[in-house]
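In: The following comprises the amino acid sequence and a computationally predicted model.
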Amino acid sequence: MSKKTAPLLLVFLGSILILAVVAPLSYGQIKYWLAPQALLDPTSTSILGQQTIVDYTEPANWFNTIPPVTNTLSKVSFYTISIPKVGMRDEVVEINGDNLKKSALQYPGTALPGTFGNTVIFGHSTTPFLYKPHDPLSVFNPLVKVKIGDEIIINYDGITYRYIVRHTAEVDPEKVEVLAQSYDKYELTLVTCTPLGTYLRRFVARAELVN
């Protein structure tokens with residue numbers, strides 16, 4: 001083998017290897033974009049040989065046995081959230097929304113930013129190489145890189161609120177206590193699916209208002 005053909009062969013073999021990894025993941029994501037109304041839950045059990053279909057564009061399906069809730073009363077319908085340390089800036093959050101294909105959502109019935117209680121925000125994530133800032137389908141990809149002590153900034157109704165991350169965890173879908181309200185403190189809880197690109201578990205970051 002000549003010195004000229006060896007690098008070309010390595011590039012060719014490397015391209016095949018990358019394609020073998022990327023192609024299946026890309027196919028799954030493109031298939032979802034073309035028909036996003038229902039996603040298969042890989043944790044669900046089969047019923048009569050057919051897999052249960054769960055729509056994860058609705059946040060109520062992210063945790064099992066979530067009790068009924070009422071809408072959060074707010075003067076505005078949208079605000080923004082930023083986490084500078086992980087490169088998340090001015091991502092839109094909708095209050096009382098029900099479609100995660102449009103934006104991150106504040107779960108109905110949870111406290112507004114800057115008020116006593118727990119502000120709970122859900123956001124989609126996807127495989128890392130498909131992440132795009134401000135894309136609702138991957139808006140919370142950076143969340144899994146958050147560390148204790150990182151700052152979270154929320155701009156709500158013209159006021160800026162600063163939170164500091166106090167706790168992070170991966171939990172099972174049954175752990176609905178992350179939605180609980182505690183009215184003796186100002187809390188913020190961010191939730192996305194993990195590992196990235198799956199719906200197996202939930203990554204949760206809990207923060208506390210400091211300013």
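Out: Noted; the coordinates are in hand. Residues are numbered from 1 along each chain as shown.
In: Contact partners for T115?
Out: Y186 (C-beta atoms under 8 Å, 6 or more residues apart in numbering). From N, CA and C alone the C-beta is placed, and that goes for glycine too.
In: Check M88 too.
Out: Going by C-beta under 8 Å, 6+ apart, M88 touches 81-82, 133, 142-143.
In: If you rank those by neighbours, which is first?
Out: Neighbour counts for these (other C-beta atoms under 10 Å) peak at I81, which has 27 neighbours.
In: That one: what's it in contact with?
Out: Contacts of I81 by C-beta under 8 Å, 6+ apart are 88, 90-91, 93, 104, 121, 152-154, 190.
In: looking at this, it is in a helix?
Out: No. Counting by DSSP: H, G, I helix; E, B strand; the rest coil, I81 falls outside a helix, being strand.
In: Looking at strand pairing, list the partners for it.
Out: According to DSSP bridges, the residues that bridge with I81 are E91, I154.
In: Roughly how far does it sit from V120?
Out: 12 Å (C-beta to C-beta, to the nearest Å).
In: hey, where'd the helices end up in this structure?
Out: 5-34 (DSSP state H).
In: ok so, going back, between the contacts of M88, which has the least confident prediction?
Out: Within the set of the contacts of M88, pLDDT is lowest for P133 (90).
In: measure that one to V86 for me?
Out: P133 sits 11 Å away from V86, going by C-beta to C-beta.
In: which of the contacts of I81 sit farthest apart?
Out: D90 and L190 (15.2 Å; C-beta to C-beta).
In: So these two - more neighbours on which side?
Out: The neighbour comparison of D90 against L190 (other C-beta under 10 Å) goes to L190, with 27 against 12.
In: Now do the same contact list for that one.
Out: So L190 contacts 81, 121, 123, 140, 143, 146, 152, 204-205, 207 (C-beta under 8 Å, 6+ apart).
In: Mind giving me the ChimeraX command for buried ones among the residues you listed?
Out: In ChimeraX syntax, the buried subset of those is picked out as below (16 or more other C-beta atoms under 10 Å):
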select :81,121,123,140,143,146,152,204,205,207
